[in-house]
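Chemist: here's a sequence, model it:
(4 chains)
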4 protein chains.
Amino acid sequence: MEPGPLLRYRCAAFGRVTMKLKDVIQLRVRYSETDQMGTFYNSRALEWFECGRTELMRSRLGMSYAALEEKSVFLPLVEAHLEFQGGARYDDLLRITSIVELHGRAKLRFDVEIAHSGTGKPVVRGYTVHAFTDAQGKPIRPPEWFVEMLEHFHK
Amino acid sequence: MEPGPLLRYRCAAFGRVTMKLKDVIQLRVRYSETDQMGTFYNSRALEWFECGRTELMRSRLGMSYAALEEKSVFLPLVEAHLEFQGGARYDDLLRITSIVELHGRAKLRFDVEIAHSGTGKPVVRGYTVHAFTDAQGKPIRPPEWFVEMLEHFHK
Amino acid sequence: MEPGPLLRYRCAAFGRVTMKLKDVIQLRVRYSETDQMGTFYNSRALEWFECGRTELMRSRLGMSYAALEEKSVFLPLVEAHLEFQGGARYDDLLRITSIVELHGRAKLRFDVEIAHSGTGKPVVRGYTVHAFTDAQGKPIRPPEWFVEMLEHFHK
Amino acid sequence: MEPGPLLRYRCAAFGRVTMKLKDVIQLRVRYSETDQMGTFYNSRALEWFECGRTELMRSRLGMSYAALEEKSVFLPLVEAHLEFQGGARYDDLLRITSIVELHGRAKLRFDVEIAHSGTGKPVVRGYTVHAFTDAQGKPIRPPEWFVEMLEHFHK
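Modeler: You can find the predicted model right below:
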């Protein structure tokens, strides 16, 4: 028998529950994102990761990140890791797969994989870790309603 | 006999006085600013124009733009024009020449020329026009102390 | 009686024919495109203009710009003009309307209007002018098949 | 007695030699690099890392990266890690410290620390790992002259 959502969350500390929400978007490489090597410039990957986070929150968490900031909850990036696996040229259609989960008690982690939409050929994979802060940048606990929202939408 | 600064300013409407301040900086093309055509991507020119404005204000107006914003005076861009005259590759050293003047009674205009530092070969020329606003984006008159500062540093 | 496409093009010099193709896309403001004023940074508008051009060419001209470059036809920007009419914040949904036409005998011009998708409130308007060059950047005449393509898709 | 350069290099496998070259540059935060949170947007850190690499190679390795690419040696990024330690606002003066070393037999690694120039307050630290490839992106061994150059300039 599957435990209810609240129980599942309480078990998290025992490593038995992975609170993961997943979302997939598509995105085309802009000319402005290429560099003279003919592929995308490396820092664009972090901007694409942001597009993935934005759409995951809107479509899967039931609240856009813009709405979250209006409630004075900010998610500044504190850590990022990137592995560049293959090139992508101007106008290539990419598929960005993002997964979100709580990271410890007070952080959020997004795992991201970017691949060519048609062939599935990998482009970049990595993750970003985010703190919860107020508008002044002071660390805060993840709001309870946010954690519940994560739980509620968890399959 | 040269008219005093205040008189000169009052004459501006008659087209007899050009309140211009000029500054020159150098800047290297970053790899992140190139595109797959092998030259810089067009929008970078507006970012380089900003570098020119920033340093002109710091070195010639006696007040950085950062300090101006702290006094709740903002200079949002309202118009820009760009002519692309020649390419510039990664690591090329460019020379940015910026001239500032009042534009009508309530705007500021920067004329900018970007050329290769060594050869003088032209890269981009253009201008930007800026409104004066408060922190909320409401248009304001150019503060009197700002106009006087422009006059004071005018040679 | 309406003249046929070839005739119409030959009349262009007399100003009787405006070869215009129009396309509309939607685009969300990325967090990476904002600045500390809370609106988008000015140079992003040129990157959005590029998105408009890219999709107009794909959907209306029957050949993507990527395919055009593969045929060794490049369209580097030679002139741009921008009027900033209003702000746009992170996650705002924008509508980009692009119109393309031949500009003289050897250039292409795109007129662009960016507005808020919901309210229609204007954000930026402007244009870009593009030369036709080969892969080495040498100016070329617009290929005949390109001009015919423009005509063919013209309503 | 210090071993000669070749010997030192051969000892590298035994972990007794760290072939490290260090360089420090200064850089101002551009307005275009800020975001609506009021600090720099996260992806800019990777662009600043690039500035650090570029100047380290020019001033310490005796060959600019541009010159290296002309010799058909490319250093695409294959991995990056970033820890965001503190904010940096528009016009803040930053100090970028970069250290380069061979990473295994066929990669190059740059360790970077970015801090406020005046106070030394940390902003970002991280590293990038680069492959050696030819102009077509095919992996190559680090050219012997490059390894020797690294050794030669090693103090």
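Chemist: for chain A, what helix or strand is lowest in average pLDDT?
Modeler: Ranked by mean pLDDT, DSSP states H and E, the helix or strand of chain A with the weakest confidence is helix A:5-10, at a mean of 39.
Chemist: excluding chain neighbours, what is closest to residue A:55?
Modeler: Closest residue to residue A:55 apart from its sequence neighbours, by CB to CB, 6 or more residues apart in numbering or on different chains: residue A:25 at 4.7 Å. C-beta coordinates here come from the backbone N, C-alpha and C atoms, glycine included.
Chemist: hmm, I typed the wrong one, I wanted residue A:24.
Modeler: Of all residues not flanking residue A:24 in the chain, residue A:97 sits nearest, at 5.0 Å (CB to CB, 6+ apart).
Chemist: distance of that neighbour relative to chain C?
Modeler: Distance check for residue A:97 against chain C: by CB to the nearest CB, to the nearest Å, it reads 18 Å.
Chemist: that residue and residue A:87, how far apart?
Modeler: 19 Å (CB to CB, to the nearest Å).
Chemist: repeat for residue A:35
Modeler: Residue A:35 sits 11 Å away from residue A:87, going by CB to CB.
Chemist: between these two, tell me which one has more neighbours.
Modeler: Applying other CB atoms under 10 Å in any protein chain shown to residue A:35 and residue A:87 shows that residue A:35 carries more neighbours, namely 22 against 17.
Chemist: rewinding a little: can you point out the buried residues in the helix or strand following the least confident helix or strand of chain A?
Modeler: As assigned by DSSP states H and E, the chain's next helix or strand after helix A:5-10 is strand A:21-28. Neighbour-count burial for strand A:21-28 flags A:21, A:23, A:25, A:27, A:28 (criterion: 16 or more other CB atoms under 10 Å in any protein chain shown).
Chemist: and the third one, what does it touch?
Modeler: Pointing back at residue A:25 there. A:51, A:52, A:55, A:95, A:96, A:98 (CB atoms under 8 Å, 6 or more residues apart in numbering or on different chains).
Chemist: show me the residues you listed that map onto strands.
Modeler: With strands taken from DSSP state E, the overlap with the contacts of residue A:25 comprises A:95, A:96, A:98.
Chemist: okay, now the second one: neighbour count?
Modeler: Summarising burial for residue A:96: neighbours were counted as other CB under 10 Å, giving 24.
Chemist: swap in the first one?
Modeler: Neighbourhood size, residue A:95 [other CB under 10 Å]: 17.
Chemist: wait, what's in contact with the residue nearest to it when sequence neighbours are not counted?
Modeler: Leaving aside its chain neighbours, residue A:95 sits nearest to residue A:117 (4.5 Å; criterion: CB to CB, 6+ apart). Residues counted as contacts of residue A:117 (CB under 8 Å, 6+ apart) are A:26, A:92, A:93, A:94, A:95.
Chemist: circling back: tell me the one of the buried residues of strand A:21-28 nearest chain B?
Modeler: Set against chain B, the nearest of the buried residues of strand A:21-28 by CB to the nearest CB is residue A:28 (14.2 Å).
Chemist: in the sheet, who's paired with the residue nearest to residue A:55?
Modeler: Beta-bridge partners recorded for residue A:25 (DSSP bridges): residue A:96.
Chemist: in stretch A:84-93, what counts as buried?
Modeler: A:84, A:87, A:88, A:90, A:91, A:92.
Chemist: report all helices and strands that the longest helix seen in chain A contacts.
Modeler: Secondary structure of chain A per DSSP state H: the longest helix is helix A:44-60. Where contact means 3 or more CB pairs under 8 Å, 6 or more residues apart in numbering or on different chains; DSSP states H and E, helix A:44-60 is packed against strand A:21-28, helix A:65-70, strand A:77-84, strand A:93-103, strand A:107-116, strand A:122-131.
Chemist: make JSON lines out of those and add distance to residue C:138 and mean pLDDT.
Modeler: Converted to JSON lines, the helices and strands packed on helix A:44-60 look like this (distance: least, CB to CB, whole Å; pLDDT from 0 to 100):
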{"stretch": "strand A:21-28", "distance to residue C:138": "29", "mean pLDDT": "96"}
{"stretch": "helix A:65-70", "distance to residue C:138": "46", "mean pLDDT": "96"}
{"stretch": "strand A:77-84", "distance to residue C:138": "34", "mean pLDDT": "98"}
{"stretch": "strand A:93-103", "distance to residue C:138": "31", "mean pLDDT": "96"}
{"stretch": "strand A:107-116", "distance to residue C:138": "33", "mean pLDDT": "97"}
{"stretch": "strand A:122-131", "distance to residue C:138": "33", "mean pLDDT": "98"}
